[in-house]
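Chemist: With the sequence up front, the predicted model follows.
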Amino acid sequence: MLGLGVGIPLGSVIISKSPISIGSNLALWLQNDTGVAVDQWDDSSGNSNHATQSTSGSQAVVTGGGLNFDGSNDHYDLTNTITVANDSAFCLAIVLNQDTVVNNTILSKTANEVISIKDEQTIEFKTNGNGNVTTELVVPNGTFTATQKLLVVLNRDRNGGFSIFQNGNAVTIDGDNSTNAAEGDNQGGFTLDVLGSNAGASNFFDGKILDLSFWNGALTTQEIADVNSYFTGIHGI
């Protein structure tokens, strides 16, 4: 649970004095300006799922309370693998500032298990099941522009519907360019254990990741609103 309050329920983290609850399925939280260094970004979710990198040539630079990835080698391994079951719900919230917007991998496991921003109008989501399903969620051009600090929230609900928010505002999904006709594809499930590149080998993230949270389960409409309100407020977006 990502909690905001003066008490400390199991798995929660104190952030401010305003008590709100943001979900009970928090798997990872790389919190801005908290436990961040070139070789490790501590997980604030309570799961000790730290992002680590011992090779100096693959370490990002600490910037703005997060990490600045060079787009060519920088990436981090998660201490524990995040496993999302077949057809399950999930939510990703990330505050970023991209230098360029070309296949910026956010999280991955293999080349066929990936969440990335493909270009200024496409989030790509791959699952490693049923022929490696690829879903490209297309939004208006210029949504994920470079050189701007953005909050991006990607949510898949229990019924398989995707929703996308930019800077706290809902974004219209213009199309689902998928290898399978079903809306909200997550067939076969997927796993994630790499931050900032496709399996540590390609499509490296180019720019800053300033905050990142991943929920392995459904968030309610109110919880998504709370996520958007919290991160836009903290980051002045």
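Modeler: Arrived safely.
Chemist: Run through the residues that contact the residue nearest the centre of the chain.
Modeler: Centroid-nearest residue in the chain, with Cα atoms, centre = their mean: residue 92, separated by 4.0 Å. The neighbours of residue 92, taking Cβ atoms under 8 Å, 6 or more residues apart in numbering as the test, are 106, 107, 115, 152, 153, 154, 155, 212, 213, 214, 215. No exception for glycine: its C-beta is placed from N, CA and C like everyone else's.
Chemist: Which helix or strand contains the second one?
Modeler: Assessed by DSSP states H and E, residue 107 sits inside strand 104-108.
Chemist: Which secondary structure elements does that strand sit against?
Modeler: strand 90-98, strand 114-119, strand 190-195, strand 206-215 (3 or more Cβ pairs under 8 Å, 6 or more residues apart in numbering; DSSP states H and E).
Chemist: Sheet-wise, list the partners of the longest one with their directions.
Modeler: The pairing partners recorded for strand 206-215 under DSSP bridges are strand 26-30 (antiparallel), strand 66-70 (antiparallel), strand 90-98 (antiparallel).
Chemist: what's the angle from that strand to strand 104-108?
Modeler: Relative orientation of strand 206-215 and strand 104-108, computed by axes from the mean of the first three to the mean of the last three Cα atoms, to 10 degrees: 30 degrees.
Chemist: quick check: mean pLDDT across strand 206-215?
Modeler: Per-residue pLDDT over strand 206-215 has a mean of 97.
Chemist: Please save the CA atoms from that strand in PDB.
Modeler: In PDB, the C-alpha atoms belonging to strand 206-215 read as follows (Å, rounded to 0.1, in the frame of the first residue of the first chain):
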ATOM      1  CA  ASP A 206      16.800   8.300 -23.100                       C
ATOM      2  CA  GLY A 207      16.100  10.900 -20.500                       C
ATOM      3  CA  LYS A 208      15.100  11.200 -16.800                       C
ATOM      4  CA  ILE A 209      13.000   8.900 -14.800                       C
ATOM      5  CA  LEU A 210      12.000  11.000 -11.700                       C
ATOM      6  CA  ASP A 211       9.400   8.800 -10.000                       C
ATOM      7  CA  LEU A 212       8.000   5.400 -10.800                       C
ATOM      8  CA  SER A 213       5.300   3.200  -9.300                       C
ATOM      9  CA  PHE A 214       3.800  -0.100 -10.400                       C
ATOM     10  CA  TRP A 215       0.700  -1.800  -9.000                       C
END
